[in-house]
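**Q** 3D, please:
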Amino acid sequence: MNEHDSLKEETLHIIREVDSNPALNQRLLSQRLNISLGKTNYLMKELVKKGVIEIVNFSTKPGKANKLKYIITKKGIEHKIVLTSHFLRMKEKEYNRLKQEYEMYVSNRK
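**A** Now for the predicted structure:
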């Protein structure tokens with residue numbers, strides 16, 4: 001898996017986590033995914049720029065800390081489907097390659 005695929009995988013994990021828990025903050029998200037807080041912040045900002053995730057501030061009192069909620073947009077759901085499909089194809093190729101290697105190994109042992 002190359003660096004680009006790694007970013008795609010981390011992006012997919014972020015989308016899944018946010019989808020299952022919109023009140024999740026970036027610190028907890030970075031801990032759950034075992035990636036740095038800085039990288040989490042960068043990926044979240046990119047997903048917001050792309051329109052995959054929307055940030056909603058639901059704190060209405062002035063002077064209070066902002067309470068943010070992350071929401072997956074329609075575009076985000078479509079992006080999640082595309083990424084999931086990409087990784088399923090990658091895993092299928094890996095499975096077929098390993099199966100072929102195994103079959104060659106077994107036939108050479110005879």
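**Q** would you verify that residue 71 is located in a strand?
**A** Yes - the assignment for residue 71 by DSSP: H, G, I helix; E, B strand; the rest coil puts it in a strand.
**Q** what is the burial count for the closest residue to it other than its chain neighbours?
**A** What sits nearest to residue 71 in space, not counting adjacent residues and going by C-beta to C-beta, 6 or more residues apart in numbering, is residue 54, at 4.7 Å. Just so you know, the C-beta spots here come from the backbone N, C-alpha and C atoms, and that holds for glycine as well. Number of residues near residue 54 (other C-beta atoms under 10 Å) recorded here: 15.
**Q** distance from the chain centre to the helix or strand hosting residue 54, please.
**A** Element membership of residue 54, judged by DSSP states H and E, is strand 53-57. How far strand 53-57 lies from its chain's middle: 17 Å, per C-alpha atoms, centre = their mean, to the nearest Å.
**Q** quick one, what contacts the residue nearest to residue 71?
**A** Residue 54 sits next to 48, 70-73 when contact means C-beta atoms under 8 Å, 6 or more residues apart in numbering.
**Q** drop anything exposed from the residues you listed.
**A** Buried by 16 or more other C-beta atoms under 10 Å: 70, 72, out of those.
**Q** farthest pair in the contacts of residue 54?
**A** By the measure C-beta to C-beta, 48 and 72 form the most distant pair in these, at 11.4 Å.
**Q** on that earlier part again, now the contacts of residue 54 as CSV including pLDDT?
**A** Converted to CSV, the contacts of residue 54 look like this (pLDDT from 0 to 100):
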residue, pLDDT
48, 94
70, 91
71, 91
72, 93
73, 94
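**Q** ok, longest helix in this protein?
**A** Ranked by residue count under DSSP state H, the longest helix found in the chain is helix 74-109.
**Q** elements contacting it?
**A** Contact partners of helix 74-109 among helices and strands, from 3 or more C-beta pairs under 8 Å, 6 or more residues apart in numbering; DSSP states H and E: helix 3-20.
**Q** who's in contact with the helix it packs on?
**A** So helix 3-20 is contacted by 1, 24, 29, 32-33, 35, 39-40, 43-44, 47, 52-53, 70-72, 76, 79-80, 83-84, 86-87, 90 (C-beta under 8 Å, 6+ apart).
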